[in-house]
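1. Coordinates for the following, if possible.
(one chain, ligands or ions: 1)
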Amino acid sequence: MRHLLSTSSLSHADSVGVLDVAEEMAAVGQREVKKLPALRGRTVVNLFFEDSTRTRTSFEAAGKRLSADVINFAVKGSSVSKGESLKDTAQTLEAMSADAVVIRHPSSGAPHRLASSGWIDAAVLNAGDGTHEHPTQALLDAFTLRRHAAQLAGRSSSGTDLTGMRVAIVGDVLHSRVARSNLWLLKTLGAEVTLVAPPTLLPVGAHAWPCTISYDLDETLRGGVDAVMMLRLQAERMNQAFFPSTREYSRSWGFDEARLAALQSAAGDTVILHPGPMNRGLEISAAAADSDRSLILDQVRNGVSVRMAALYLLLSGEHHRGTADVQTTQKGTST
Ligand code: NCD
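-> Now for the predicted structure:
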C-alpha cells in the first residue's frame, strides 16, 4: 500500500492486515508509556479543508504515539480556488519534506488528485473527501465490530473478518462518505449490509450496490441485525428539503427511545454505532447514544489505534516486517 484513499480498493488481506496491526497498536495504548519510536524523524501533516474534531485529533494522537513530528495545517477559509489552493499547499508541504499527508477536503476526489498529481512524494491518507470516502472511519468501525464479536464469542479477534454479521446503515446515505466506505469494507469482510433511508436520501444507483435497501427502520430491526450504524443528517450538504420536518425524520428514521426499548426487550445483542458528531434528539436519542448498547465511545478510542496502524503500514513498508517490528518494540523497553 502506497496511499490509503478508499476502502473500495482494499483487498480482504489488506483490510484484515490493517485491523490486526491496529490490535497491536491498541496493546501499546494499554502500556504505561504509550509511545513507539517507529516513526521517529518522520513528518505527518494534517491538512484539513473541512471541520473535524475526532478525525483530526485522532490522527494527531496516532502520529505522536508513533513518535512522528505532526504538523496541523489549518486551511479552512482559504480564498484561493480549490485546484490552485491544493497545488499551492501541496508544494508548501513538499518543501517541508512531509512523509505523510492526511487530507480532508469538501471535494470528492481531492486526495486522489494529491496522490496522483506528482506534486508531492508523501503517502496520502484520505480523512474524508466530499461525499466519496472516509476509509479510516470504516476501518475503525470494522475494528470495533470485530472486537465486539470476538468478545461475545470469547475468542481473539486477530485474523478474523466479519463473515455473517448483519449491519444496518441508517439515515442520510446520500451525503455520507462514511456509509460508502463502510459498505465497501463490510462487504469485503463478509458482512451483510442493509441501507435504511428515506428514498430522497439514497443516491441514484444505490440499488446496484451490493446490499439490501429498506425504507422501513422498524421492519429492518425486527428482521434482526447485529449492528445499527446511525448516520448524521448532513445539513451543511443539503440545499433543498429532503424530508418534511426534523420531527418526522426522527420519528421514521431516528434511533429514538421507543426503538431502544424494543431492542432491549428483544433477544439478541444488537449494538449501536455513530461516527459522530451526533445530532442528539434527531438521528439518535441521548438515551440510545449513552445506553449499554452503544459502542460510540469505543469507536473514538479505536480510531487512534486504527490510524496508528495506517500511518505505520504506509510509512514503514510491508505488512509483515511492520507487524514484527511492533512486536519486537513492545517486548523491548525503548521509549
Ligand atoms: C464523519 C465525517 O466527517 O465524514 N465524521 C467523522 O469523521 N467522525 C461523519 C459526519 O460528519 O457526519
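
2. Show the backbone phi and psi for the residue lying closest to residue 69 once chain neighbours are set aside.
-> Nearest residue to residue 69, sequence neighbours excluded (CB to CB, 6 or more residues apart in numbering): residue 43, at 4.8 Å. (Each C-beta comes from the backbone N, C-alpha and C, glycine too.) Dihedral pair for residue 43: phi -120, psi 130, per degrees, to the nearest 10.

3. Which strands or helices does the longest helix along the chain pack on?
-> When the chain is parsed with DSSP state H, its longest helix is helix 296-316. Packed against helix 296-316 by the contact rule (3 or more CB pairs under 8 Å, 6 or more residues apart in numbering; DSSP states H and E) you find helix 12-29, helix 54-65, strand 100-105, strand 123-129, helix 135-153, strand 271-273, helix 319-331.

4. which parts of the second one are buried?
-> Within helix 54-65, the residues scored as buried using 16 or more other CB atoms under 10 Å are 54, 55, 56, 58, 59, 60, 61, 62, 63, 64, 65.

5. likewise the longest one?
-> The neighbour-count check on helix 135-153 (16+ other CB under 10 Å) flags 135-149 as buried.

6. What backbone torsions are found at residue 165?
-> The phi/psi pair for residue 165 (degrees, to the nearest 10) is phi -70, psi 140.

7. What separation do you get for it and the ligand?
-> As judged by CB to the nearest ligand atom, to the nearest Å, residue 165 and the ligand stand 21 Å apart.

8. Let me know whether that residue touches residue 145 as I believe.
-> Yes. Taking CB atoms under 8 Å as the definition, residue 165 is a contact partner of residue 145 at 6.5 Å.

9. residues shared between the contacts of these two?
-> Here residue 165 and residue 145 have 191, 226, 227 as joint contacts, going by CB atoms under 8 Å, 6 or more residues apart in numbering.

10. hang on, the earlier thing: pLDDT score for the residue nearest to residue 69?
-> Per-residue confidence at residue 43 stands at 96 (pLDDT).

11. got a list of contacts for stretch 172-180?
-> 108, 128-134, 137-138, 141, 169, 195, 197, 200-203, 206, 229, 231-234, 237-238, 242, 275, 283.

12. So residue 242 is in contact with residue 200, correct?
-> Yes. Using CB under 8 Å, residue 242 makes contact with residue 200 at a distance of 4.5 Å.

13. So for the two, which sits in the more crowded spot?
-> Taking other CB atoms under 10 Å, residue 242 and residue 200 do not tie; residue 242 has more neighbours (18 against 11).

14. hmm, back to that, could I get the helices and strands packed on helix 296-316 in JSON lines, plus columns for distance to the ligand and mean pLDDT?
-> Below are those laid out as JSON lines (distance: least, CB to the nearest ligand atom, whole Å; pLDDT from 0 to 100):
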{"stretch": "helix 12-29", "distance to the ligand": "17", "mean pLDDT": "97"}
{"stretch": "helix 54-65", "distance to the ligand": "4", "mean pLDDT": "96"}
{"stretch": "strand 100-105", "distance to the ligand": "7", "mean pLDDT": "96"}
{"stretch": "strand 123-129", "distance to the ligand": "4", "mean pLDDT": "97"}
{"stretch": "helix 135-153", "distance to the ligand": "5", "mean pLDDT": "97"}
{"stretch": "strand 271-273", "distance to the ligand": "11", "mean pLDDT": "98"}
{"stretch": "helix 319-331", "distance to the ligand": "25", "mean pLDDT": "37"}
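
15. now for the ones you listed, which one comes closest to residue 309?
-> helix 12-29 (4.0 Å; CB to CB).

16. Might you enumerate the residues of this structure proximal to the ligand?
-> 54, 55, 128, 134, 137, 177, 178, 232, 234, 275, 276 (CB under 6 Å from any ligand atom).
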